[in-house]
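Asks: Have a look; sequence and predicted model below, questions after that.
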Amino acid sequence: MTDLTPLIEQAKQSELFTAPHLEADLAAFLAEQSDRITALAAEAVARGVRQVYFVGSGGSWSAMYSGAYLLNRFSTLPAEALTGYDLIHRAPRRLDASAWVFVASYSGNTEDTVAGMRYARSRGARVIGIAKRRDCAIAREADAMIDYDSTALYILPLAAVYLFALEVARLGGYADAAAAIEGLRALPPDLGRVYRESQARAELLSAQFADSTLLYTIAAGPLYGLAYKFALTVFMENIRIHSSVIASDEFRHGPVEMLDRQRADMVFLLGTDDTRPMTQRVLDLVSGRDNVRTIVYDVAEHAGVHPLLSPFALLIPLQWFVVYSALRAGIHDLDERAFMGRGILAQGGANWP
């Protein structure tokens with residue numbers, strides 16, 4: 001097996017590989033931003049906000065998905081996750097002065113998200129920006145801002161919308177919200193432990209799947225956003241292979257038929273919430289088939305992680321797998337892109353994608 005140790009040390013300095021510093025960065029973010037975010041939740045409840053939209057593109061959308069998921073599941077405040085142009089094209093009737101719109105972009109200058117922000121403001125909605133720094137379009141134009149000064153472009157926006165949604169739910173009487181919030185506050189050391197424990201397995205898996213040209217990611221519930229992130233962005237963007245995401249309960253409605261004639265490599269994300277049985281049913285169906293290879297990431301292996309917080313934990317072994325896989329594929333600069341960041345399909349001076 002090729003010794004990738006020198007390249008791994010180099011990879012730890014990349015923007016892609018956030019796992020090495022997630023423990024410290026999440027702890028700092030929660031210490032610095034928790035009061036501001038919980039105050040926003042209290043303000044939303046006090047103002048009688050009627051609708052929340054969570055807007056982002058790519059990995060940012062996947063984090064925003066979780067905000068909508070939590071609000072819809074645990075509060076009476078309607079929420080939806082959309083891309084910036086989807087918000088514009090749908091032109092929802094509920095987008096008005098009674099709506100709040102969270103817009104997330106790592107650079108704060110993503111064309112789609114900035115366009116969505118400006119459209120939301122033109123409709124009278126209150127806009128809350130989430131970006132790495134304040135020297136960006138979103139920070140200049142949003143009504144309120146959450147900045148995080150870290151490369152953790154998924155975990156920290158995820159923490160922001162989790163804390164907001166769970167606090168709204170707590171204020172609305174959802175009895176279990178406080179336990180989930182405390183679980184989030186206690187999470188950083190768990191992330192450090194997962195980081196240290198995940199490396200060896202990732203190295204082995206990257207060797208076993210080095211010939212893979214397509215990875216399906218199967219998940220549901222709190223883990224669907226993470227599955228979307230890796231299937232629709234990271235696997236294609238960083239390993240440069242084909243990929244797709246399949247919701248666990250949709251697998252038998254069409255996708256299963258590919259197994260009649262095609263080989264399939266599948267990544268399963270198993271949670272400990274009430275979606276676990278459905279994902280397990282799909283895993284049981286494909287396990288043992290000669291034409292299916294599986295990778296299973298199970299949050300049950302990480303004791304003490306609250307069921308709602310599974311995306312925080314499973315991001316890390318997924319990142320380790322991607323880093324090793326990219327390096328084996330000869331992609332040694334994890335931050336370099338073939339098309340993104342070069343103005344491809346971009347308009348209006350946007351610098352990404």
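Replies: That came through, no problem. The model shown is predicted, which means the values in this text are computed figures rather than measured ones. Numbers count the residues shown, from 1 in each chain.
Asks: Now do the end-to-end distance for stretch 52-68.
Replies: Using C-alpha to C-alpha, to the nearest Å, one end of stretch 52-68 lies 8 Å from the other.
Asks: just stretch 54-61 next, same as before
Replies: Span of stretch 54-61 from end to end, C-alpha to C-alpha: 8 Å.
Asks: Same check on stretch 128-147?
Replies: 11 Å.
Asks: Could you list the buried residues of the helix or strand bottoming out on mean pLDDT in the chain?
Replies: Using mean pLDDT, DSSP states H and E, helix 5-11 stands out as the lowest-scoring helix or strand of the chain, at a mean of 93. Using 16 or more other C-beta atoms under 10 Å as the test for burial, helix 5-11 gives 7-8, 11. C-beta coordinates here come from the backbone N, C-alpha and C atoms, glycine included.
Asks: for stretch 135-142, same thing?
Replies: For stretch 135-142, the buried set under the neighbour-count rule, 16+ other C-beta under 10 Å, comprises 136-139, 141-142.
Asks: who touches that stretch?
Replies: Contacts with stretch 135-142, where a contact means C-beta atoms under 8 Å, 6 or more residues apart in numbering, come from 103, 105, 107-109, 113-114, 117-118, 121, 127-131, 133, 145, 147.
Asks: and if you look at stretch 197-214?
Replies: Against stretch 197-214 from outside (C-beta under 8 Å, 6+ apart): 1, 4, 19, 215, 241-244, 264-265, 293, 295, 316-317, 320-321, 323-325, 327-329.
Asks: Pull it out as CSV, backbone CA atoms only.
Replies: Taking C-alpha atoms only, stretch 197-214 is exported to CSV below (Å, rounded to 0.1, in the frame of the first residue of the first chain):
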residue,chain,number,x,y,z
GLU,A,197,-10.5,7.3,15.5
SER,A,198,-11.5,7.5,11.9
GLN,A,199,-8.2,7.8,10.0
ALA,A,200,-7.1,4.1,9.9
ARG,A,201,-10.4,2.9,8.5
ALA,A,202,-10.5,5.6,5.9
GLU,A,203,-7.1,4.7,4.6
LEU,A,204,-8.2,1.1,4.1
LEU,A,205,-11.5,2.0,2.5
SER,A,206,-9.8,4.4,0.0
ALA,A,207,-7.7,1.5,-1.2
GLN,A,208,-10.6,-0.8,-1.5
PHE,A,209,-12.7,1.7,-3.5
ALA,A,210,-9.8,3.2,-5.5
ASP,A,211,-11.3,1.9,-8.7
SER,A,212,-14.8,3.3,-8.0
THR,A,213,-16.2,5.6,-10.7
LEU,A,214,-19.6,6.2,-9.1
